[in-house]
Structure formats: structure tokens, C-alpha cells
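J.: I'd like to go over a predicted model; first the sequence, then the structure.
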Amino acid sequence: MTEIAFLSATELAAKIRGKEIGCEELLRHYLDRVDRYNGELNALVVDLRERALDDAREADRAIAGGGELGPLHGVPMTVKESYNVTGTPTTWGNVDWKDNIAAEDAEPVRRLKAAGAVVFGKTNVPLMLADFQSYNDLYGTTNNPYDLKRIPGGSSGGSAAALAAGLTGIETGSDIGGSIRNPAHFCGVFGHKPTWNLLWMRGHAPPGDVRSKPDISVIGPLARSAADLETALLAMAGPDDIMVRGYRLDLPNLNGRTLEDLKVAVWVDDDMAPVDAEVRRRVEQVAAAFRDGGAEVNLTARPGFDPAHSHATYQNLLQATMAARMPEAEYDKIKRHVETLAADDDSASARIFRAQVSSFKMWKHNDEQRAHLRWKWHEFFNDYDLLIAPIMATAAMPHDQRPFGERTVTVNNEQRPYFEQVFWAGLTGGSYLPSTVIPTGLNADGLPVGVQIAGPEYGDLITIGAAKLMEASGFAFTPPPAYAS
């Protein structure tokens, strides 16, 4: 029955509707795998099995009663630790928040449950969701199921590791600097970073914070198939309770278009953040698959802006948003440090510190710069349907828990700055664009490599639709050998 663990949520739901397997039976299958494998992976960090078993039995009764079933009816699911789930701690890996017990489910969790999902646990994250790795002093380190000595990505690292190892049916994470997309890449699964504010984030916030749309940050699904991304996205998407008075969800899709109907731009590499030759080849392979399917592919087309300007704007906005999460004492310490900086200090670290404590006037300046970038992207996507690009420079790196300033990444045998890789996430995410990561198979070391497919704002079903076409062309999930038995 091992192969069931690696089916897509869509396939699992179909088996449940067809009465090939019961909801409780399927949940127990995943729980058995958690008991068998999670000790070495440390992907799941909050166990809700007793509550979930009650929910699964209720789901079985609903099938027996002939009631209407949601698209994820009975599918066992875990969610990222940063989501509120009633009666569980939401810590973001922060020891100071260990007693932050959620009084109610986050809105996206409520919507996924309404679609029929059975939530049975929460998955690990890095401290304050601010790393490419997933470890913290509360829950420890999560390992990559393709190589336990390597990282699963972050901040949705537990999400991607659990999916890849066949410990859960579907997952949902969050992304401000690649936190859905880089774990999907490192763990060989599909991930979707939605258009900003498409999914209501209420219940995914620091304690006491009721904001539903922090800048840049989004929530979104991870899965073992592109179809699952669409199902979960539509389950969670839609206006909040204030917006619903005047807005409704009406996303465009491919509307029957095939590869022959698409115009695709490809951004293979960039001097701002060079990628490993192997990653470059995978981007080229995806581009070739589009071309072989009849798409018009352009390797040189670019939106009308300087990538360095785009990245600087993104970094300024990102640092300000991330710093807003800091405890007051830490934030005040940075403010005092900035006051000591020389006026002509334009070093990378000085720019980051200044951005973290920027004035509202400076934030508005950067927001205005982003508005110009968004219009440049809008014009670009009037000419092209999609953009294919890397998401990270390399396959999964070995664990490295030294201070950030001491870490590097080896790219084409050269040591590069650790956070340089955020360029590829910020290129699209900083301007609110949707982006879908697809797996491209394993490398010679048995590690997955992913590629992102970006599109225009609100083109989420277009990028996911393209991912479906690529999945049908062979870019599909490959289970890690150590967990396929």
C-alpha cells in the first residue's frame, strides 16, 4: 500500500469518493508512516492525530450518508506551523511564543477543512520564518528526505519534506522570499506562490496581529501534483469578509489553450545571482519542452527595467516588512546602530540595516518604485504568457547553522553570498506576481531540482495550468528512494 502515500491529493480524493479506501483507513496509513519515518526527518512537529481520527470517522459517515463532498474530502493534510490551528501553539519557531495557543483556526485552514481536508499535524519552520533552512530551538532541525545531511528549504521546509516523504496528502505554506518555492525546489514537489492578497491570510500572523495582508507575504499550497495546487488554491482563495461586499473571485485560466498557443520568455541566469550550470540546464530543459510542444520561446525577452534596481527595491521592502516582526528591543537596537553609521557608508550591511528601520516616507518611495516595476511587468505580460526562471542557485545544500554572515553557497565551484539566492524569489514576488515551481527530476547526487513558472498578477491558474502541461510532459514528482517502501 506504499504507493498510496505518494498519490496526489486529487487521486486520493477520487479513491475516497469511489470507496476504494476509507477516510480513517487512509489517515491511519499516513500516521503509520509518520511513526516510521518522522523521527529521522523531523518534518511534523505538532501531532493532532486523535482529533483528526474523529474528523476522519465523521468524513466516512458523510460518504455513507450520501452527502455532498468537497474536493479534498477525507484527504489527510498537514499545515505549516505558522498557521493557527485551534488549541495548538503557533510559535514561528520562537521560544518566546511557545505559549501562544490558537483560539481558532486560521481562515485558510478553515477553508481547507470546509473543502474536506482532515488536518492531522503541523510542520516545522525556521526561526521567525526567516531562513532557507528549517530549524529552531523549540522543534529542532528538519532534514531533506533525499539526503538527511541536507536542508529541505525554508521557511516551509517541514511542509515540503513531509510531502516528499509521503507523510501527508497535501500541504500549505507561506512565502515572502521564496519560502514556498525554495522548499518545493529542494524537495522535488510542486509549490505555488499566489498573487499577493489573493488568499486571505487571517490567522497566519504574529501573536495579536490581525492584519490579513502584510506586504509581499502570501500563503499558498505545496503538493505532489499541479492539479492539487489548483484545488487547494481555489479552496483558500477569495475576498475577506470586508471585501466580499464588492469583490468576487474570477481568475483567468488557459481556457483550453495548449502549448502551441503560448508565448514563453526564459530568464536562464543573471549576473545578480548566478546559478549552477546544472540548474541552468534544467531551466533550458523546461524551455525546450515548451518549444517542442509548439510554444513560441524567447530566451532574451525581458521586462523594461534594470534587474539591479528591481532587486534593490525588493530588498528595501522585504527588510522593512521582516523587521516589523521583530521584538521591540531588537528593533530599537538596529535603530541605534543605524544612527552610528557614517553618512557615506553604502555597504550591503548598511543598506539592509537602514531598510529595516526605514521611515514611512522612504517606504513609500520604494513602494512607488515597485508600482513602476509592476507596470513594466504588466506590459511584458501583454506580450508573453509566462516567464521561466530558476528559483535557487543550486540543489539542496548541506545543513549550515552558523551565523548568517558566515554562510556561503557554492555555485559553479565559487563561493557566493548565502542570501544572494533570494534574487530569484524577489524578481517575481517583490512585484506581487504568481509563480509555480515544478520538479524537473533528480540530479546525479539524487537531489531534486525545480524551476519556477511566473505569470501576470492574477494569472495564478495560468501558471498552474502551464505546470499541468509540463507535468504531462514528464516533469513530475519522483519519490525519494529511502521512503518508497
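T.: Sure thing, it's come through.
J.: now the nearest residue to Ala130 once chain neighbours are set aside: phi and psi?
T.: Distance criterion Cβ to Cβ, 6 or more residues apart in numbering; nearest residue to Ala130, sequence neighbours excluded, is Met322 at 6.3 Å. Using the backbone N, CA and C atoms, a C-beta is placed for each residue, glycine as well. Here is the backbone geometry of Met322 (degrees, to the nearest 10): phi -60, psi -40.
J.: and Met322, what does it touch?
T.: Residues near Met322 by Cβ atoms under 8 Å, 6 or more residues apart in numbering: 128, 130, 176, 356.
J.: wait, doesn't the second one sit right on Gly178?
T.: No. Using Cβ atoms under 8 Å, Ala130 makes no contact with Gly178, being 11.6 Å away.
J.: now the contacts of Met322 in CSV, with pLDDT, neighbour count and secondary structure?
T.: Below are those laid out as CSV (pLDDT from 0 to 100; neighbours: other Cβ atoms under 10 Å; DSSP: H, G, I helix; E, B strand; the rest coil):
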residue, pLDDT, neighbour count, secondary structure
Met128, 96, 19, helix
Ala130, 96, 18, coil
Ile176, 98, 25, coil
Gln356, 96, 22, helix
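J.: among the residues you listed, which one sits closest to Asp270?
T.: Ile176 (20.5 Å; Cβ to Cβ).
J.: next up, the contacts around the closest one.
T.: 129, 214, 216-218, 318, 321-322, 429.
J.: quick one: it from Ala348, how far?
T.: 19 Å (Cβ to Cβ, to the nearest Å).
J.: can you check Gly426 too?
T.: In terms of Cβ to Cβ, Gly426 sits 15 Å off from Ala348.
J.: for Glu284, same thing?
T.: For Glu284, the distance to Ala348 - Cβ to Cβ - is 31 Å.
J.: out of the two, which sits in the busier spot?
T.: Glu284 (16 against 10; other Cβ atoms under 10 Å).
J.: give the next helix or strand downstream of the helix or strand the more buried one falls within.
T.: Glu284 belongs to helix 277-292 when assigned by DSSP states H and E. Downstream of helix 277-292, the next assigned helix or strand under DSSP H and E is strand 296-298.
J.: for that following strand, which outside residues touch it?
T.: Taking Cβ under 8 Å, 6+ apart as the rule, strand 296-298 contacts 262-266, 287, 290-291, 384.
J.: now do the contacts for Gly121.
T.: Counted by Cβ under 8 Å, 6+ apart, Gly121 has contacts 34, 44-49, 52, 78-79, 168.
J.: so which elements touch the helix ranked longest in the chain?
T.: As assigned by DSSP state H, the longest helix anywhere in the chain is helix 360-383. If you count contacts as 3 or more Cβ pairs under 8 Å, 6 or more residues apart in numbering; DSSP states H and E, helix 360-383 packs onto helix 307-323.
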